[in-house]
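Novice: Give me a 3D structure for the following:
(2 chains)
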Amino acid sequence: MMTDTNVDVAGTGISLGVTLYSFTNEWWSRQYDLTGLVAEVAGRGLGPGVEIVGFQSLRTFPEVDADSVSLWRGLVDRFGIVPTCLGSNVDVALRADRSLDRDEMVDYLNRQLDTAAALGFPVVRIQIGADPAVIERCLARAEKHGIRMGMEIHAPESAVSPAIMRVREFYESVDSPLLGFIPDFSSTMRRVPEGVLADLRARGLSEGAADGLTQAWLSPGNQFANFGAWAEASRAAGEPDDAVGAATLVFTMHGRAAAETWAELAPRIVHVHGKCYEFDEVGDEPSIDYPSIATVLVDSRYQGWISTEWEGHVFAPPGTVDAFDVVASQQALLRRSLTAAAG
Amino acid sequence: MFDSYVIGEGTVRNVTEGDETVGFAFDSRIAYYRGLGVSMVEPFEITVDGEAVPTDALRFSLGDRTWTFDELETDYDTRWELTDTATVTVLRPGGLRGEHTVEAIEVLRISYLPFPSRTRCARTVTLD
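Specialist: You can find the predicted model right below:
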């Protein structure tokens, strides 16, 4: 079974799995229920680690009734999967009249910590929306359950961006082993995925404007200023408004921080999101330098899970790509990269 | 990917009550990767042949429940799931006859964005 080769890859202490978010298209098109999806993941050897986004996979989340808990725990036993991380969300814009206040945010997150414990997840993914004051007040609940909270570092943030530096300082001041980070490879990319550019071209963006967009993304300086200048010039040149607007995601979803910056977080990495978009004919991911990232993780002695996170659904509609195949390609690349890094 | 599902292809249809055509409706999917509480669904912005439809002429349905957007705003108990198909009804006596262009913008208050997400879809339809 491929699953065995995903555990403690090349003796690195790093094991592989997948987030069910990778199967957003399959879930959206109702091809699978939770049991079917977990069965497919296990059957194709894409575990054993399994991560879920609570608000995607569980209808009553953050609440779960006894039947849901026993269904999930039954799947864990039956298919030999390992719950790795539960993705939480704090919907600060729940109300139209005002943002949630701190008490409400703490309650919102605490309920998700309770559910993570009920389902057996050792890590809860939190996001930049949860400020230090909220995280600090949820720490008691995390301690009660022995759950680690990992702040996802996703483009446009990076390990060294100002917002994350503030969280790093806060973590230093609290110094709890239950507080950490979840690097997402989207922060450390080397190219804009071809699928994203193809989607923009399909919306009418010219070849020249697409090249200009790539150049703006690769340019030094403030990414949002780079995008703004490109967008203004493109609109002036008559590029379709819809395509120019959609190009925002190039700058919000793809960061180009150096892979080496992950090393600064090493002792506090509690989980990793192995983002991927597409693979070439030799099984490489053109937009993300997997060998470099693998080297950083191995050299900094990260021990834990990497969840494959295929996000191609942003450009590939349901039914066009087999996400299970893409996940298998990513895990093969990751195994090769980790093995080489460990060698 | 979600744009074309704001107005599901082939789903625009007239709505009748008794002998009367009271408006038209279409199927819509959430333009996001996960479910959101319905209070975070802002009124759809809909035009018919370029003419804006007032929000009070809109209804939003999930399963067998129907809300006005005023009612939806304070419903903190119901979620629009990634797998749910909602129905948006536009009250418009006579519905749509012949060829019309319907545009809908689905507006969601997504937490980490400082502004609501807006996903647009336009379809030209011909109804009897």
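
Novice: what sits against B:Ala57?
Specialist: B:23, B:90-92 (Cβ atoms under 8 Å, 6 or more residues apart in numbering or on different chains). (Glycine included, C-beta is placed from N, CA and C.)

Novice: If you could redo that for B:Asp27, that was the one I meant.
Specialist: B:7-8, B:11, B:85-87.

Novice: Most neighbours among those, please name it.
Specialist: Counting neighbours by other Cβ atoms under 10 Å in any protein chain shown, B:Ile7 comes out on top of those with 25 neighbours.

Novice: Verify the stated contact: it with B:Ile105.
Specialist: No. Between B:Ile7 and B:Ile105 there is no contact, the gap being 10.3 Å when judged by Cβ atoms under 8 Å.

Novice: Mutual contacts of these two, please.
Specialist: Common neighbours of B:Ile7 and B:Ile105 (Cβ under 8 Å, 6+ apart) are B:Cys121.

Novice: Okay, buried residues for the strand or helix carrying A:Lys144 please.
Specialist: Assessed by DSSP states H and E, A:Lys144 sits inside helix A:132-145. Residues of helix A:132-145 classed as buried by neighbour count (16 or more other Cβ atoms under 10 Å in any protein chain shown): A:132, A:134-135, A:137-139, A:141-142, A:145.

Novice: so, in contact with chain B or not, it?
Specialist: No. Helix A:132-145 lies out of reach of chain B by Cβ under 8 Å from any Cβ of the partner chain, never closer than 12.7 Å.

Novice: Let's see that helix as CSV, backbone CA atoms only.
Specialist: Provided in CSV are the C-alpha atoms of helix A:132-145 (Å, rounded to 0.1, in the frame of the first residue of the first chain):
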residue,chain,number,x,y,z
PRO,A,132,-3.7,37.4,19.8
ALA,A,133,-6.2,38.5,22.4
VAL,A,134,-8.7,35.9,21.1
ILE,A,135,-6.0,33.2,20.8
GLU,A,136,-4.8,33.8,24.3
ARG,A,137,-8.3,33.5,25.7
CYS,A,138,-8.9,30.2,23.8
LEU,A,139,-5.7,28.8,25.2
ALA,A,140,-7.4,27.5,28.3
ARG,A,141,-9.8,25.4,26.1
ALA,A,142,-6.9,24.1,24.0
GLU,A,143,-5.1,23.1,27.2
LYS,A,144,-8.2,21.3,28.5
HIS,A,145,-8.2,19.2,25.3
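
Novice: if you average pLDDT over it, what comes out?
Specialist: For helix A:132-145, mean pLDDT is 97.

Novice: just to revisit the earlier point, out of the contacts of B:Asp27, which are close to chain A?
Specialist: Applying Cβ under 8 Å from any Cβ to the contacts of B:Asp27, none is adjacent to chain A.

Novice: quick one: which of those is nearest A:Pro62?
Specialist: A:Pro62 has its nearest neighbour among those in B:Ala86, at 21.9 Å by Cβ to Cβ.

Novice: ok, A:Thr214 touching A:Arg190?
Specialist: No. Using Cβ under 8 Å, A:Thr214 is not in contact with A:Arg190, being 11.4 Å away.

Novice: okay, the contacts of B:Ala57 in a markdown table with pLDDT, neighbour count and distance to chain A next?
Specialist: Output for the contacts of B:Ala57, formatted as a markdown table (pLDDT from 0 to 100; neighbours: other Cβ atoms under 10 Å in any protein chain shown; distance: Cβ to the nearest Cβ, whole Å):
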| residue | pLDDT | neighbour count | distance to chain A |
| --- | --- | --- | --- |
| B:Gly23 | 98 | 21 | 25 |
| B:Val90 | 98 | 23 | 22 |
| B:Leu91 | 98 | 16 | 22 |
| B:Arg92 | 97 | 16 | 26 |
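
Novice: Switch those over to a markdown table; also include secondary structure and distance to A:Val38.
Specialist: Listed next are the contacts of B:Ala57 as a markdown table, based on DSSP: H, G, I helix; E, B strand; the rest coil; distance: Cβ to Cβ, whole Å:
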| residue | secondary structure | distance to A:Val38 |
| --- | --- | --- |
| B:Gly23 | strand | 42 |
| B:Val90 | strand | 40 |
| B:Leu91 | strand | 43 |
| B:Arg92 | coil | 45 |
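
Novice: with the residues you listed in mind, which one is nearest to A:Phe279?
Specialist: The nearest one, if we look at the contacts of B:Ala57 relative to A:Phe279 and count by Cβ to Cβ, is B:Val90, at 43.9 Å.

Novice: Can you show me the strands along chain B?
Specialist: B:13-17, B:20-28, B:36-37, B:45-48, B:51-52, B:58-62, B:65-67, B:79-80, B:86-91, B:98-108, B:117-127 (DSSP state E).

Novice: A:Asp65 is nearest to which of the ones you listed?
Specialist: Using Cβ to Cβ, the nearest of the strands of chain B to A:Asp65 is strand B:79-80, at 14.9 Å.

Novice: tell me the mean pLDDT for that closest one?
Specialist: Rounded mean pLDDT across strand B:79-80 is 96.

Novice: If you count neighbours, what's buried in stretch A:90-108?
Specialist: A:90-95, A:100, A:104-108.

Novice: Just give me how far it sits from the chain centre.
Specialist: Stretch A:90-108 sits 23 Å away from the centroid of its parent chain (Cα atoms, centre = their mean, to the nearest Å).

Novice: average pLDDT across that stretch?
Specialist: 95.

Novice: Look at it and report the distance between its end residues.
Specialist: One end of stretch A:90-108 sits 6 Å from the other (Cα to Cα, to the nearest Å).

Novice: outside of that stretch, which residues touch it?
Specialist: Contacts of stretch A:90-108 (Cβ under 8 Å, 6+ apart): A:62, A:109, A:126-127, A:129-130, A:133-134, A:137-138, B:36-37, B:39-40, B:42, B:73, B:76, B:109-111.

Novice: from those, which would you call buried?
Specialist: Counted by 16+ other Cβ under 10 Å, these give A:62, A:109, A:126-127, A:129-130, A:134, A:137-138, B:36-37, B:39-40, B:42, B:73, B:109-111 as buried.
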